[in-house]
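Participant: Okay, predicted coordinates and the sequence, questions at the end:
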Amino acid sequence: MIDSYEKIHGIFDDDPSKKEVLGYPVLGYLPDEFIFNSDLFIAIGDNGVRRALSKRLHHRVTFASIIHESAIFSRRAELGSGCVVMEGSIIKVGCSLGEQVIVNTGASIDHDCLIGDFVHIAPQATLCGGIQLGEGTLIGANAIILPGVKIGAWCTIGAGAIVHQDVPDHSTWIGNRLQDKRLKIGG
Ligand SMILES: CC(=O)SCCNC(=O)CCNC(=O)[C@H](O)C(C)(C)COP(=O)(O)OP(=O)(O)OC[C@H]1O[C@@H](n2cnc3c(N)ncnc32)[C@H](O)[C@@H]1OP(=O)(O)O
């Protein structure tokens, strides 16, 4: 997506065997003393890793946000820095998305939703109106969150789930119910 809109100067990656990605040079590990002349985008899906890198770097770089041209993003919605809004997704009036949020392909976020930092909303997930998502939560592909539901921080909502009630922090929800913590699913 970045390739469609902007010049990419290079890619940082900890893996020394990677020399190029999509024809762009891999610059190796990101050194602490690196001086940025361009915006940075953290292209990492893991919400916790994205948070850690963002905290490490935010004082010395500006994070780019990317909205694909096929997405519908209400002019009455807000988006933080470092976000990506992918192909065919819809963000409607009154929504507020924090920093480093991934809105994946075809996801739908209806009116007045409040989305915390470092959230990932996977492909084709549907958020009805007035939903709140805490920091770092993953909404699995094709999940449906019913109107007004509040989901806490660092939760995992399974692919295809239907969430019909509030979910506490650090919980996992699969299918149509909260999982017993003893199952230790989704950490
Ligand atoms: C472009 C992209 O790809 S973006 C990435 C989007 N990613 C996703 O949408 C993934 C969301 N993750 C999931 O749905 C995962 O399956 C999780 C987090 C719910 C569970 O993962 P794990 O903790 O590894 O659980 P595991 O695979 O061991 O399954 C545990 C049990 O739950 C069941 N289960 C797992 N996921 C689901 C699901 N989504 N719906 C219903 N049942 C499920 C399994 O069948 C298994 O049942 P069993 O104990 O009766 O055999």
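Facilitator: Great, that's in hand. Numbering: from 1, shown residues only.

Participant: Identify the single longest helix in this structure, thanks.
Facilitator: helix 47-57 (DSSP state H).

Participant: Report the buried residues of it.
Facilitator: Within helix 47-57, the residues scored as buried using 16 or more other Cβ atoms under 10 Å are 47, 50-51, 53-54, 57. The way it works is simple: take the backbone N, C-alpha and C, and place the C-beta from them, glycine included.

Participant: ditto for stretch 68-85
Facilitator: Within stretch 68-85, the residues that qualify as buried are 68, 71, 73, 77, 79-85, counting by 16+ other Cβ under 10 Å.

Participant: Okay, and the beta partners of the residue most central in space within the chain?
Facilitator: Geometric centre of the chain, nearest residue: Ile102, 2.3 Å, by Cα atoms, centre = their mean. The partner list for Ile102 in beta bridges (DSSP bridges) reads Val84, His120.

Participant: what's the pLDDT at it?
Facilitator: Note on Ile102: pLDDT of 98.

Participant: any weak-confidence spans in the chain?
Facilitator: 181-187 (pLDDT under 70).

Participant: ok, now with 50
Facilitator: 186-187 (pLDDT under 50).

Participant: all helices of it, in order?
Facilitator: Under DSSP H, the chain gives helices at 2-5, 47-57.

Participant: ok, how many other residues are close to the closest residue to Pro25 other than its chain neighbours?
Facilitator: Excluding its sequence neighbours, the residue lying closest to Pro25 (Cβ to Cβ, 6 or more residues apart in numbering) is Gly10, at 5.1 Å. Neighbourhood size, Gly10 [other Cβ atoms under 10 Å]: 13.

Participant: Figure out how far the longest strand seen in the chain is from the centre of its chain.
Facilitator: The longest strand of the chain (DSSP state E) is strand 24-28. Centroid displacement of strand 24-28 relative to its chain, using Cα atoms, centre = their mean, to the nearest Å, is 24 Å.

Participant: Stretch 116-127 near the ligand at all?
Facilitator: Yes - using Cβ under 6 Å from any ligand atom, stretch 116-127 reaches the ligand at 122-123.

Participant: can you give me the end-to-end distance of that stretch?
Facilitator: 14 Å (Cα to Cα, to the nearest Å).

Participant: do the same with stretch 126-134
Facilitator: With Cα to Cα as the measure, stretch 126-134 spans 16 Å from end to end.

Participant: starting at the chain centroid, how far to that stretch?
Facilitator: Relative to its parent chain, stretch 126-134 has a centroid offset of 14 Å by Cα atoms, centre = their mean.
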